Structures are given as C-alpha cells and as structure tokens.
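>>> What follows is a predicted structure for the sequence shown.
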Amino acid sequence: MNAADGTTAGKRGDLVIFDGVCNLCEASVNFIIRHDRDGVFRFVPSQSELGAALQRQYDINTAALDTVVLIRDGERFTESDAAVRIAAALDGPWRLLGLAWWVPRPVRDWAYRRIANNRYAWFGRKQVCLIPTPEVRGRFLETSADWPERAGETRAGR
C-alpha cells in the first residue's frame, strides 16, 4: 500500500507512455529506469504505433498530448497524478516525492502544465524517438503483443 495515495505502488507491469522526442521526457524515463531496480515500469513512446493505439484505447487526446501517462491496473493517470504515482514507486528517497499527493491537484497540475507546455523551449526536442540501450531494451514495448492488457476492459482515471 502506498502511504501517499492509498494505492498499490510499483506493481510490475506499470506502463509509462512518454513523448519520445522530448529531451526532458527522455531524461525522466532514464531517471525512472535508474531508480526502479525491480523493473516495475515499462515504457512506450507516444509517437509509436503501440503508443497511438494505447492512447486511443485509454481515451487520451492525442492531438493535445502534453503529459506523461501512467497505466496501472487498467486505469490511466495523467499530469501530476501520473508523476506522483511514478515517484511513489521509485527506490530510495525518491519515493518521498510521492508525498506531493497531499498538495491539492489544481496546484500540482498547474505546476505540471507550466513545465509540460514549455518543455521543448526549455529542454529542446529531438528529431527521432529515444533508442534504448541493449541493457534496458526489454523494458520498452514495441507491439500490442508486448502489452498484456491490450484487449482488456479499461477504466478512465486521472
């Protein structure tokens, strides 16, 4: 049980959909990988075929996607809700960032959106998506066959 939000944190199979051409997003994925020793999180770029399919499946507006998306137990979380849940599942002192759950959502989301809306200007962007190293390649999903919940019922969440 996660003390920050009362949810189960760090279940193997949590999926993070991220902007694969965003430098900040790539750095965030690399940070998660370094602080997720148990390999809880899997990753898929939003620009990939699977990323697009998952965005449709979980009713995520692909035209305005400016958020990380966490899919956990068939439920999707976006903006600061996703960030806080991811942080709470990390190893070591980083999980204390999950205590941001106590900050009211409108305040968290305002700060999240400010960074998200300026991420390209502040951190830059690449022409191609992140190419994972061989050591972490298995944590990146490529096809719908890689995602076990592909045909299941979904629940929209925050």
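Arrived safely. Worth saying up front: this structure is predicted, and the values here are computed from it rather than measured.
>>> Just the element for the residue lying closest to residue 86 once chain neighbours are set aside, please.
Using Cβ to Cβ, 6 or more residues apart in numbering and skipping the chain neighbours, the partner closest in space to residue 86 is residue 70 (5.9 Å). In this view, the C-beta of every residue, glycine as well, is placed from N, C-alpha and C. Under the criterion of DSSP states H and E, residue 70 resides in strand 69-72.
>>> how far is that strand from where the chain is centred?
Strand 69-72 sits 6 Å away from the centroid of its parent chain (Cα atoms, centre = their mean, to the nearest Å).
>>> buried residues in whichever helix or strand comes after that strand?
Downstream of strand 69-72, the next assigned helix or strand under DSSP H and E is strand 75-78. Residues of strand 75-78 classed as buried: 76-78 (neighbour count, 16 or more other Cβ atoms under 10 Å).
>>> Turn those into CSV, columns for distance to residue 58 and pLDDT.
Formatted as CSV, the buried residues of strand 75-78 follow (distance: Cβ to Cβ, whole Å; pLDDT from 0 to 100):
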residue, distance to residue 58, pLDDT
76, 4, 92
77, 10, 94
78, 9, 90
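>>> What distance do you get for residue 100 to residue 72?
Residue 100 sits 17 Å away from residue 72, taking Cβ to Cβ, to the nearest Å as the criterion.
>>> Count the neighbours of residue 83 for me.
When neighbours are counted by other Cβ atoms under 10 Å, residue 83 registers 24.
>>> got the CA coordinates for the longest helix along the chain in CSV?
When every helix of the chain is counted residue by residue (DSSP state H), the longest turns out to be helix 105-123. As requested, the backbone C-alpha atoms of helix 105-123 are provided in CSV (Å, rounded to 0.1, in the frame of the first residue of the first chain):
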residue,chain,number,x,y,z
ARG,A,105,-4.5,18.6,-7.5
PRO,A,106,-5.2,22.0,-9.1
VAL,A,107,-1.8,23.3,-7.7
ARG,A,108,0.1,20.2,-8.8
ASP,A,109,-1.5,20.2,-12.2
TRP,A,110,-0.8,23.9,-12.7
ALA,A,111,2.9,23.4,-12.0
TYR,A,112,3.0,20.3,-14.2
ARG,A,113,1.3,22.1,-17.1
ARG,A,114,3.7,25.0,-16.8
ILE,A,115,6.6,22.7,-17.3
ALA,A,116,4.9,20.5,-19.9
ASN,A,117,3.8,23.4,-22.1
ASN,A,118,7.4,24.8,-22.1
ARG,A,119,9.3,21.5,-22.3
TYR,A,120,10.5,22.0,-25.9
ALA,A,121,11.6,25.6,-25.4
TRP,A,122,13.3,24.9,-22.1
PHE,A,123,14.8,21.5,-22.7
